[in-house]
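Participant: Model the structure of this input:
(one chain, ligands or ions: 1)
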Amino acid sequence: MAVEAYFEDIEDKIIRVLRSSKYSVKICVAWISGKIYTPILEDLANRGVNVELVYDNNSTNLRHGVPRSNKYKTYAIDTRLSSSLMHNKFCIVDDEILITGSYNWSNKAKDSFENIVVIRNEFELIKDFLHEFYDLIAYYDAFSSNYVRKCHCGSNLFNLGILGQESGLYDESKIDVWSVCVKNSHVSHLGEEYAQHLRAQLGMKYEPDWCLETYDKDSMLSEFQQERSSSNSLQNYFNSRSGLRIHAIGTIAMDNWNGHMEWDEEPEYIVNIFWRDMYLRKLIPETLYDDYFGGINEIISDHV
Ligand SMILES: [Zn+2]
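Facilitator: Numbering: from 1, shown residues only. Predicted structure coming up:
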């Protein structure tokens, strides 16, 4: 593994890493200058490098960015709120080099104080960035084909499935579906659904067991493919099943297990959300905390 930081001549460094690519370049940046990068991306594509570019869908990129082309793939990302941006600045080359930092791939950025870090062969880390890259593309694909409902208070609503225990030959579990408002925890119980083998599908069983000493690019890529295909099949499953729409799956957990067991503290419960619809990923939190007199408390009380 090697890590290097750069504060000067950043554009030059980025271009050199891009030109060293053997088979794939994945770029995910808020802004990108077409003047600087289009000829480089075309050169790479011409010698067979698979080039994919994710950028923020804004007027600057529209006027001065990298134009659409059939030589490489572009994904102009719209965020859910007009005030927010696809603000990443990272790039993965050949699944083994990661560039990340504050630097925008724009014309003006070289006049600012900026940094990039170039990290090689740190495969656990690179896998996380690969997931983010393809999560953003999945979000892009879902964008036009879906909708967000609004609560009477104006905040966004999502449907949360609370997953019960599995039982029976087909690992059947009950899912209680609640409508939850993100800002003010307005909740309502929508009904019950049933699913089979869901814990296995959600990756809650059979954790893959990679030995760290042999964790190289090949094991990373095969683990990554496995994780992608299970996340895609889950998304397809929840998109296509009949019944109540489910945007997230969570379980109730005790947040102070040790304190409860050792010090006899009152149990404090939370809702751990471990799967969420790709389209709503930035709207749904990872954890819902007990608000005691509010809607989250209603959900928790219903299940403990
Ligand atoms: Zn509300």
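Participant: from here on, contacts and neighbour counts on C-alpha atoms
Facilitator: Noted.
Participant: So for Phe293, what's the pLDDT?
Facilitator: Phe293 is assigned 86 on the pLDDT scale.
Participant: any idea how far it is from Met254?
Facilitator: 18 Å (C-alpha to C-alpha, to the nearest Å).
Participant: ok, the two, which is more surrounded?
Facilitator: In this view Phe293 and Met254 are compared by other C-alpha atoms under 10 Å, and Met254 has more residues nearby, 14 against 8.
Participant: helix or strand right after the one helix or strand in the chain whose mean pLDDT sits lowest?
Facilitator: Ranked by mean pLDDT, DSSP states H and E, the helix or strand of the chain with the weakest confidence is helix 198-201, at a mean of 82. For helix 198-201, the following helix or strand on the C-terminal side (DSSP states H and E) is helix 217-240.
Participant: List the buried residues of that next one.
Facilitator: Of the residues in helix 217-240, Lys217, Met220, Leu221, Glu223, Phe224, Arg228, Ser230, Ser231, Leu234, Gln235, Phe238 count as buried by neighbour count, 16 or more other C-alpha atoms under 10 Å.
Participant: per-residue pLDDT, the second one?
Facilitator: In this case it means Met220. 93.
Participant: And the last one, by the same measure?
Facilitator: The confidence metric pLDDT takes the value 89 at Phe238.
Participant: And for the fourth one?
Facilitator: At Glu223 the predicted local confidence, pLDDT, stands at 91.
Participant: So what does Thr38 have for phi and psi?
Facilitator: phi -60, psi -50 (degrees, to the nearest 10).
Participant: For it, which non-adjacent residue is spatially closest?
Facilitator: Distance criterion C-alpha to C-alpha, 6 or more residues apart in numbering; nearest residue to Thr38, sequence neighbours excluded, is Val66 at 5.6 Å.
Participant: Just to check, the one you found is in contact with Gly34?
Facilitator: Yes: shown here, Val66 and Gly34 form a contact pair, counting by C-alpha atoms under 8 Å, at 4.0 Å.
Participant: follow-up on the earlier one: tell me the phi and psi of the residue nearest to Thr38?
Facilitator: phi -80, psi 120.
Participant: now swap in the one 5 residues further on and tell me
Facilitator: Backbone torsions of Lys71, given as degrees, to the nearest 10, read phi -90, psi -30.
Participant: what's the helix or strand for the closest residue in space to it that isn't next to it in sequence?
Facilitator: Closest residue in space to Lys71, ignoring its immediate chain neighbours: Ala45 at 5.9 Å, by C-alpha to C-alpha, 6+ apart. Under the criterion of DSSP H and E, Ala45 resides in helix 34-46.
Participant: How about residues contacting that helix?
Facilitator: 15, 18-19, 21, 50-51, 64-67, 71-72, 107 (C-alpha atoms under 8 Å, 6 or more residues apart in numbering).
Participant: Outline the domain layout of this protein.
Facilitator: 2-145, 157-205+215-303 (automatic domain parsing).
Participant: could you dump the helix holding Ala45 to PDB, C-alpha only?
Facilitator: The C-alpha trace of helix 34-46 is given here as PDB (Å, rounded to 0.1, in the frame of the first residue of the first chain):
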ATOM      1  CA  GLY A  34     -14.500  19.600 -20.800                       C
ATOM      2  CA  LYS A  35     -11.600  21.600 -22.200                       C
ATOM      3  CA  ILE A  36      -9.000  19.800 -20.000                       C
ATOM      4  CA  TYR A  37     -10.500  16.300 -19.700                       C
ATOM      5  CA  THR A  38     -12.500  15.500 -22.800                       C
ATOM      6  CA  PRO A  39      -9.400  14.800 -25.000                       C
ATOM      7  CA  ILE A  40      -7.900  12.700 -22.200                       C
ATOM      8  CA  LEU A  41     -11.000  10.600 -21.800                       C
ATOM      9  CA  GLU A  42     -11.400  10.200 -25.500                       C
ATOM     10  CA  ASP A  43      -7.700   9.000 -25.800                       C
ATOM     11  CA  LEU A  44      -8.300   6.500 -23.000                       C
ATOM     12  CA  ALA A  45     -11.500   5.200 -24.600                       C
ATOM     13  CA  ASN A  46      -9.800   4.900 -27.900                       C
END
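Participant: State the mean pLDDT of that helix.
Facilitator: Rounded mean pLDDT across helix 34-46 is 97.
Participant: need the contact list for Gln165.
Facilitator: Ser173, Lys174.
Participant: Is it in a helix, a strand, or coil?
Facilitator: For Gln165, the secondary structure call by DSSP: H, G, I helix; E, B strand; the rest coil comes out as strand.
Participant: Kindly provide the distance from it to Ser173.
Facilitator: 6 Å.
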